[in-house]
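In: What would the 3D arrangement of this be:
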Amino acid sequence: MSALSARPVKSSGKKNQHSRSHYTLDINDIIVFPDIAHVPVLPPEPGESWYVLTEIKENRSEPDFPVFTVEDKMPGKYWKVAFFTDNRWEDSKDCLPNTLICIKNGKPKPFVDGTYGYYGIYDVSDFILLPCTMKKLREINEYLCIRYKDGLLLSCTVCNQPVQMGCGKCKTRYCSKKCQKQDWPTHKPICKIFKTLHIWNRTDWG
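Out: Below you'll find the predicted structure:
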């Protein structure tokens with residue numbers, strides 16, 4: 001098994017501008033979004049955080065706990081994620097195959113059955129569930145990076161006109177209700193993904 005990182009020194013990606021007008025989030029950053037080979041073995045220091053991105057492959061729930069087989073950013077590397085929250089069945093009800101469990105400050109651990117996996121999740125603040133695959137997350141992130149590089153991040157996503165208003169949740173830009181209504185069937189299922197990526201883009205990871 002690959003060695004684990006003792007402590008991240010600094011992000012390998014570009015300096016985050018912490019602004020809605022800049023988008024430089026790097027999903028491949030192994031410090032901010034570590035895979036199994038780069039997860040720190042020490043707890044985060046004050047002000048430090050990371051997310052482990054895992055895609056659900058199978059529901060392997062047991063009588064007492066929801067358990068899922070997941071694949072992390074390293075293709076072909078499969079692990080367990082188990083929920084131990086107070087309302088574990090309710091908290092995990094939307095955990096379906098081909099969705100992402102993003103685990104904050106996640107670390108691998110051995111389970112009582114002798115297998116090795118990613119955590120227990122003990123609190124709802126420990127994870128974000130995104131309704132997409134890893135491939136789709138990368139595609140949306142790349143789309144936002146290209147919009148920024150092309151100077152269109154603050155323009156209407158439909159007609160590319162400069163605009164200040166946007167989606168109430170994720171702030172995707174629209175110049176009019178007409179453009180927003182036109183884009184809604186496409187935007188609705190991925191709104192949470194856009195919102196999360198924008199939050200991560202403005203996060204100071206320590």
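In: any idea which helix or strand comes after whichever strand or helix holds Trp184?
Out: Assigned by DSSP states H and E, Trp184 belongs to helix 177-187. Per DSSP H and E, helix 177-187 leads on to helix 191-201 as the next helix or strand towards the C-terminus.
In: tell me which residues in that next one are buried?
Out: For helix 191-201, a neighbour-count test (16 or more other CB atoms under 10 Å) marks 191-198, 200-201 as buried. Heads up, the C-betas are built off the backbone N, CA and C, glycines and all.
In: Repeat that for stretch 72-84.
Out: 72-73, 79-83.
In: Where does the prediction get shaky in the chain?
Out: Applying pLDDT under 70 to the chain flags the ranges 1-19, 111, 113-118.
In: what ranges do the strands span in it?
Out: 51-59, 67-71, 78-83, 100-104, 108-110, 116-118, 120-121, 127-130 (DSSP state E).
In: now what about the third one, what contacts it?
Out: Strand 78-83 has contacts (CB atoms under 8 Å, 6 or more residues apart in numbering) with 36, 54, 56-57, 60, 65-72, 91-92, 101, 103, 108, 111, 115-121.
In: ok, of these, which come out buried?
Out: 36, 54, 56, 66-72, 91-92, 101, 103, 108, 117-121.
In: residues making contact with the longest helix anywhere in the chain?
Out: The residue-count maximum for a helix in the chain (DSSP state H) belongs to helix 134-149. Around helix 134-149, the neighbours that count as contacts under CB under 8 Å, 6+ apart are 22-25, 27, 53, 55, 71, 73, 100, 130, 132, 153, 155, 157, 190, 193-194, 197-198, 201.
In: Run the chain-centre distance for the helix holding Trp184.
Out: Centroid separation between helix 177-187 and its chain, computed with CA atoms, centre = their mean, to the nearest Å, is 24 Å.
In: Now do that helix against helix 191-201: the angle between them, please.
Out: Interaxial angle of helix 177-187 relative to helix 191-201 (axes from the mean of the first three to the mean of the last three CA atoms, to 10 degrees): 90 degrees.
In: Go through helix 177-187 and flag the buried ones.
Out: Within helix 177-187, the residues that count as buried by 16+ other CB under 10 Å are 179-180, 183, 187.
In: which outside residues touch it?
Out: So helix 177-187 is in contact with 156-159, 167, 172, 174, 194, going by CB under 8 Å, 6+ apart.
In: In CSV, list the residues you listed along with distance to Cys145.
Out: Shown next, in CSV, are these (distance: CB to CB, whole Å):
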residue, distance to Cys145
Cys156, 18
Thr157, 14
Val158, 19
Cys159, 21
Cys167, 19
Thr172, 15
Tyr174, 20
Phe194, 13
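In: between these, which is nearest Leu42?
Out: Phe194 (32.4 Å; CB to CB).
In: The nearest residue to that closest one once chain neighbours are set aside: how many residues sit nearby?
Out: Leaving aside its sequence neighbours, Phe194 sits nearest to Cys170 (CB to CB, 6 or more residues apart in numbering; 3.9 Å). Around Cys170 there are 17 other residues, counting by other CB atoms under 10 Å.
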